[in-house]
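> Got a sequence here, can you build the structure:
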Amino acid sequence: MPPRLVLASASPFRRALLENAGLTFEIEPAQIDERVIEQTLDGLTAEDVASVLAEAKAQDVSGRNSGALVIGSDQTLSLDGEIFHKTGTMEEARRRLLQLSGRTHHLNSAIVLAQDGETIWRHVSVAGMTMRNLDPGFIGRHLSNVGDRALSSVGAYQFEGEGIQLFQRFEGDYFTIIGLPMLPLLAKLRELQAIDG
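Predicted structure coming up:
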């Protein structure tokens, strides 16, 4: 009998990706303080930070769900070697979009599978995101339209929504951009016989 699948995330976008793929799973958000963990990660790459945070989430939930296969995930945004976090205010979101305007940043999406407190698999996918040159007035109108949703992602945009209008091009896959690289995840779940394959 395949193990229970548990998603260690409150993200509605990650939940929708798994639901759309036809998976049966439970949701139990991890109870960790990401900022506290990040303070111990000086010198790590953006990919490694995402992987460590995804593992912390998976391990946290795995410890409370004996036998379950727990999916932990995290995403970081990097630009010129700097790692960015979610913005807390609309003014910070405005400044973030101005900073990203006309430049290419990277979204680093990590997945970790844990079972009974043991990490059994990890993966990181990277997408390159090139924003078009954005007029400050347009940024203001865009943020007014999307409202507080801009504060729910590290880039202050939702690529799957109106945020698509901010971009000139991207390299990588859609699932990495949304924050859960589905094809590697599904392949590993089939290999583990956790889903039909």
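> Against which helices or strands is the biggest helix by length in the chain packed?
Longest among the helix segments of the chain by residue count, using DSSP state H, is helix 46-62. Counting contacts by 3 or more CB pairs under 8 Å, 6 or more residues apart in numbering; DSSP states H and E, helix 46-62 is packed against helix 34-38, strand 69-79, strand 104-115, strand 118-131. In this view, the C-beta of every residue, glycine as well, is placed from N, C-alpha and C.
> Indicate which one of these is closest to E28.
Ranking the helices and strands packed on helix 46-62 by proximity to E28 (CB to CB) places strand 69-79 first, at 8.1 Å.
> For the helix or strand of the chain with the lowest mean pLDDT, list every residue counted as buried.
The weakest-scoring helix or strand in the chain, judged by mean pLDDT, DSSP states H and E, is helix 34-38 (a mean of 83). By neighbour count on 16 or more other CB atoms under 10 Å, the buried set for helix 34-38 is 34, 37-38.
> cool, and stretch 22-39?
23, 25, 28, 30, 32, 34, 37-38.
> re the thing from before, name the nearest of the buried residues of helix 34-38 relative to S152.
Closest to S152, out of all of the buried residues of helix 34-38 and judged by CB to CB, is E34, at 14.1 Å.
> about what we covered before: out of the helices and strands packed on helix 46-62, the one nearest L185 is which?
strand 104-115 (5.4 Å).
> now the angle between helix 46-62 and that closest one, please.
30 degrees (axes from the mean of the first three to the mean of the last three CA atoms, to 10 degrees).
> Report the buried residues of the helix or strand hosting S144.
Per DSSP states H and E: S144 is located in helix 136-146. For helix 136-146, burial by neighbour count (16+ other CB under 10 Å) applies to 139, 142-143, 146.
> what's the answer for stretch 61-74, then?
For stretch 61-74, by 16+ other CB under 10 Å, it's 61-62, 65, 68-74.
> Redo these as JSON lines? Include pLDDT and distance to G128.
Formatted as JSON lines, these follow (pLDDT from 0 to 100; distance: CB to CB, whole Å):
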{"residue": "V61", "pLDDT": "97", "distance to G128": "31"}
{"residue": "S62", "pLDDT": "96", "distance to G128": "32"}
{"residue": "N65", "pLDDT": "96", "distance to G128": "35"}
{"residue": "A68", "pLDDT": "97", "distance to G128": "34"}
{"residue": "L69", "pLDDT": "98", "distance to G128": "31"}
{"residue": "V70", "pLDDT": "98", "distance to G128": "29"}
{"residue": "I71", "pLDDT": "98", "distance to G128": "25"}
{"residue": "G72", "pLDDT": "98", "distance to G128": "24"}
{"residue": "S73", "pLDDT": "96", "distance to G128": "19"}
{"residue": "D74", "pLDDT": "94", "distance to G128": "18"}
